[in-house]
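# Show me the folded form of this:
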Amino acid sequence: MRDHIRPGGWWTLQAGPGNAITDVAGVKVGQVTLDRGPVQTGFSAVLPHGGDLFAQPVPAGVCVLNGFGKSAGLMQLAELGQIETPILLTNTFSVAAGTEALIRRAIADNPQIGRSLPTVNPLVLECNDGRVNDIQAMALRPDHALAAIGRADGGPVRQGTVGAGRGMVSFGLSGGIGTASRLCGGWVLGALVLSNFGQPGELRVMGRRLQAARPEAEKGSIIMLLATDAPLDSRQLSRLARRSAAGLGRLGSHLGHGSGDIAVAFSTALPTADANGLLTCQRLAEPDLDPLFLATAEAVEEAVLNALWHAEPVPRREGPATVLRDMLAWG
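This next block holds a predicted model:
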């Protein structure tokens with residue numbers, strides 16, 4: 001957001017040069033947006049590195065803060081502690097299309113998958129964009145997912161109502177894709193969110209509530225992806241993912257019954273294997289995780305605000321859309 005860091009400002013840690021998840025070296029983001037009348041949806045893809053993830057998976061952890069969701073791949077991720085495909089974000093009814101795309105892509109790179117090699121674990125995470133998008137049209141196909149992956153690069157990340165974020169709503173406002181990063185203790189931590197959560201009137205910006213609360217049942221979700229170059233194992237990454245709840249709490253969320261609040265964290269610091277398959281890796285000492293915990297809370301909070309700040313007013317079925325920019329008077 002504007003005036004991100006200044007003396008006496010809201011956040012403590014310095015943002016990375018791009019204030020994006022792509023500040024973590026090797027991480028790439030690509031997106032495809034469908035804007036066709038009632039069809040307002042898309043795919044967003046995050047690549048932990050540019051190589052073959054099936055052959056060289058990254059260590060990862062997951063935290064399901066509230067499990068109202070239909071994602072694919074979380075069970076094996078939690079069990080094995082690694083990610084072996086690009087990460088796709090999309091709407092609830094397009095998880096199958098994303099799953100097919102990731103499987104076909106992995107097979108193209110590794111033709112023995114499912115034969116002499118194990119099957120692949122595609123990771124597809126979702127939020128329900130049905131308040132804006134005609135979700136029953138199921139307009140997204142595997143080719144759209146592959147196109148999002150093909151467009152991935154390490155440059156600036158488009159934010160707001162783009163890619164998977166096209167039809168998302170947060171706190172009664174247009175939501176979507178947001179990203180932020182933090183520099184901490186020589187390491188970089190980046191966050192990317194698919195923001196579709198929060199009750200109208202509950203949003204807090206820099207600790208200040210903007211509107212009177214209007215109690216409603218929570219029907220939204222948020223997916224939070226965390227990337228770091230710090231050498232962490234899957235257990236430590238799960239600890240990192242849990243700290244995303246602190247960022248949501250700052251924004252006014254109470255993780256309501258109908259919300260799918262899921263965080264996935266991964267590290268780009270890969271172990272090395274010798275000829276006998278013995279893995280050797282470094283690991284950050286537990287007390288040294290504190291700066292990364294703070295970075296997680298700050299980056300998640302700002303990533304959501306960035307999604308809201310950059311969003312465009314995509315009309316929804318129950319009425320016109322509102323955006324955060326119209327509610328804030330910046331001095």
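# In a strand, W10, correct?
No. Counting by DSSP: H, G, I helix; E, B strand; the rest coil, W10 is not part of a strand but coil.
# and it, how many neighbours does it have?
The local packing of W10 (other CB atoms under 10 Å) involves 16 other residues. For every residue, glycine as well, the C-beta is placed using N, CA and C.
# Pick out the least confidently modelled helix or strand of this protein, by mean pLDDT.
Across the helices and strands of the chain, mean pLDDT, DSSP states H and E gives its lowest value to strand 272-273, namely a mean of 76.
# Tell me which helix or strand comes right after that one.
strand 279-280 (DSSP states H and E).
# who touches that following strand?
Strand 279-280 is contacted from outside by 271-274, using CB atoms under 8 Å, 6 or more residues apart in numbering.
# for it, the distance to its chain's centre please.
Distance, stretch centre to chain centre, for strand 279-280: 29 Å (CA atoms, centre = their mean, to the nearest Å).
# Give me the longest helix you can find in this structure.
Ordering each helix of the chain by length in residues (DSSP state H) puts helix 290-310 first.
# Helices of the stretch 151-300 of the chain, residue ranges please.
Along the stretch 151-300 of the chain, the stretches classed as helices by DSSP state H, counting those that start in this stretch are 234-242, 244-251, 290-310.
# Need those helices in TSV (columns: distance to N133, mean neighbour count and mean pLDDT).
What follows is the helices of the stretch 151-300 of the chain, written out as TSV (distance: least, CB to CB, whole Å; neighbours: other CB atoms under 10 Å; pLDDT from 0 to 100):
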stretch	distance to N133	mean neighbour count	mean pLDDT
helix 234-242	27	21	98
helix 244-251	23	21	96
helix 290-310	16	25	98
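# Go through these and name the closest to I83.
helix 234-242 (9.9 Å; CB to CB).
# same for that closest one, what does it pack against?
Counting by 3 or more CB pairs under 8 Å, 6 or more residues apart in numbering; DSSP states H and E, the packing neighbours recorded for helix 234-242 are strand 58-67, strand 221-228, strand 260-267, helix 290-310.
# Repeat the analysis, applying 6 Å as the threshold.
Contacts defined by 3 or more CB pairs under 6 Å, 6 or more residues apart in numbering; DSSP states H and E place helix 234-242 against strand 58-67, strand 260-267.
# what's the most buried one of these?
Burial of the helices and strands packed on helix 234-242 is given as mean neighbour count (mean count of other CB atoms under 10 Å); strand 260-267 ranks first at a mean of 28.
# angle of it against strand 221-228?
10 degrees (axes from the mean of the first three to the mean of the last three CA atoms, to 10 degrees).
# Pull up the pairing partners for strand 260-267, direction included.
Partners of strand 260-267 in the sheet, by DSSP bridges, are strand 58-67 (antiparallel), strand 221-228 (parallel).
# so which of the ones you listed comes closest to I21?
strand 221-228 (5.3 Å).
# Just the residues contacting the closest one, thanks.
21, 24, 27, 46, 89, 125, 127, 187, 189-197, 240, 244, 259-267, 300 (CB atoms under 6 Å, 6 or more residues apart in numbering).
# again, 7 Å this time
Residues from elsewhere that reach strand 221-228, judged by CB atoms under 7 Å, 6 or more residues apart in numbering: 21, 24, 27, 46, 48, 68-69, 87, 89, 125, 127-128, 187-197, 240-241, 244, 259-268, 292, 296, 300.
# And stretch 73-83, by the same measure?
Contacting residues not belonging to stretch 73-83 are listed as 48, 53, 57-62, 121-124, 234, 266 [CB under 7 Å, 6+ apart].
# Which parts of the stretch 101-250 of the chain are strands?
Taking DSSP state E, counting those that start in this stretch as the criterion, the stretch 101-250 of the chain carries its strands at 123-127, 169-170, 173-174, 176-184, 187-196, 204-205, 208-209, 221-228.
# So which residues lie in contact with the first one, not counting its own?
Read it as strand 123-127. For strand 123-127, contacts defined as CB under 7 Å, 6+ apart pick out 69-73, 77, 83, 85, 87-92, 95, 98-99, 102, 168, 194, 196, 221, 223, 262.
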